[in-house]
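> Quick one, fold the following:
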Amino acid sequence: MNIIYVGFLASLAAGLMTGVGAMPILAGRTMSRRANDALLGFAAGVMLSASFFSLILPGIDEAEAQHGNTVAAAFIAAGGVVLGVIAIAALNEALPHEHFVTGREGRESAALARIWLFILAITIHNFPEGLAVGVGFGSGDVAQGIPLATGIGLQNAPEGLAVAVALRGQGYGRWHAFLIAAATGLVEPVGGALGVAALQVSELLLPWGLTFAAGAMLYIISHEIIPETHKHGHQNWATTGLTAGLILMMILDVTLG
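Numbering: from 1, shown residues only. So this is what the prediction gives:
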């Protein structure tokens, strides 16, 4: 089967888990701030573990295999991570968007409705995840991409619920909040298709692509998720969630990879 098609389907499946996670909002269930912070911490742990075990380490191995030099491989990985961080930081700065707590960031645009500002914010968050899944399949080794897609999908579920709950807190109706949360996951297959397609151009791009995706995810973890989980005095719960997510993703990577 065409690896681009496989990468697209895997990132689509991971993205759809956002809607699955948001489904409890339709039953009128609410979530405490403590639980929300713990779930967001879990998402951060999954992404952190995936960044290293499924992206950075395979990227270093691939670079070393290509160039036969450990030092060169380390610098290539460092360069890819830095480029990923810079790219998402620039996107975060350039696009007008709005955080659920801290409010509007980026350049102001009165023409954009509040709902589109929310969608843009979530897109900035979710696109690197889809990119990471696509890059994970880019080498043609499906076994390498499966644990990453599984981990991203698992963390998308609590993330989808957190987004839906946050939207409900902003006054949106149940169905409105659910549909928006579910729709945000649909940017992931776009990132997935782009990631896997780019790596089909040249195998030399594989270590760069893997570590670039890792850098993008690390920026999201540090700039968005962790600060959000530490704002309400539930650091212990957030840290517990992060630890659980990191361990689960590590186990998935070892057992499935």
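
> how about low-confidence regions in the protein?
Residues of the chain that meet the criterion pLDDT under 70 lie in 1, 29-31, 95-125, 139-141, 144, 162, 166, 169-170, 256-257.

> Pick out the residue nearest the middle of it.
E129 (3.2 Å; C-alpha atoms, centre = their mean).

> is it true that it touches G185?
No. Using C-beta atoms under 8 Å, E129 makes no contact with G185, being 9.0 Å away. For every residue, glycine as well, the C-beta is placed using N, CA and C.

> and stretch 67-87, which residues are buried?
Within stretch 67-87, the residues that count as buried by 16 or more other C-beta atoms under 10 Å are A73, I76, A77, G79, G80, V81, G84, V85, A87.

> meant to ask about stretch 161-176
In stretch 161-176, counting by 16+ other C-beta under 10 Å, buried: L161, A162, V163, A164, V165, A166, L167, R168, Y172, R174.

> Please apply the same query to stretch 245-256.
When burial is assessed from 16+ other C-beta under 10 Å, stretch 245-256 yields the following buried residues: G245, L246, L248, M249, M250, L252, D253.

> try stretch 174-185
Here stretch 174-185 shows R174, A177, F178, L179, I180, A181, A182, A183, T184, G185 as buried, counting by 16+ other C-beta under 10 Å.

> That stretch: how far from the chain's middle?
On the basis of C-alpha atoms, centre = their mean, to the nearest Å, stretch 174-185 sits 17 Å off its chain's mean C-alpha point.

> Kindly report the same for stretch 244-257.
Distance, centroid of stretch 244-257 to centroid of chain: 16 Å (C-alpha atoms, centre = their mean).

> got it, and stretch 24-37?
That offset, for stretch 24-37, works out to 21 Å (C-alpha atoms, centre = their mean).

> So what touches it?
Outside stretch 24-37, the residues that touch it by C-beta atoms under 8 Å, 6 or more residues apart in numbering are 39, 161-162, 164-166, 168, 174-175, 177-178, 181, 228-230, 232, 234, 237-238, 241.
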